[in-house]
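In: coordinates only, sequence not included:
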């Protein structure tokens, strides 16, 4: 199976599974899944977050997702338990479609490592 086809198939399986778990089956988009990863990485799943914290959570998720690609590295947890990352390498300039593929690939890999999907 071609790499793109495999990613598409795995993404659809993941999107359906996570949407069933968190959105009563209503298909969650990329940003919503990134947000869920941020909450997971923070480790405070039952907390209510304000809008500015939601953006911070998405940032945490993006750093964590792109860490295996060498763009970010975990640095420390602050006094409130929030993880901080440092930039190792600047992200290349990517077209919107290329960004989406990179994020989907990183998200699929993340959930495979967590054994949420196979």
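Out: Looks like it arrived, so ask away. Please read these numbers as outputs of a predicted model, since none were measured by experiment. Numbers count the residues shown, from 1 in each chain.
In: need the residue closest to the centroid of this protein.
Out: The centroid of the chain falls nearest to residue 34 when counting by C-alpha atoms, centre = their mean (3.9 Å).
In: what pLDDT, on average, does the lengthiest helix in the chain get?
Out: Determined from DSSP state H, the single longest helix within the chain is helix 3-22. Helix 3-22 shows a mean pLDDT of 93.
In: from memory the residue nearest to the centre of the chain sits against residue 62, does it?
Out: Yes - with contact defined as C-beta atoms under 8 Å, residue 34 reaches residue 62; the gap is 6.5 Å. For every residue, glycine as well, the C-beta is placed using N, CA and C.
In: quick one: the longest helix of the chain to chain centroid distance?
Out: Here helix 3-22 is found 13 Å from its chain centre; the criterion is C-alpha atoms, centre = their mean, to the nearest Å.
In: quick one: the closest residue in space to residue 86 that isn't next to it in sequence from residue 37, how far?
Out: Nearest non-adjacent residue to residue 86, counting by C-beta to C-beta, 6 or more residues apart in numbering: residue 75, 4.7 Å away. Per C-beta to C-beta, to the nearest Å, residue 75 is found 18 Å from residue 37.
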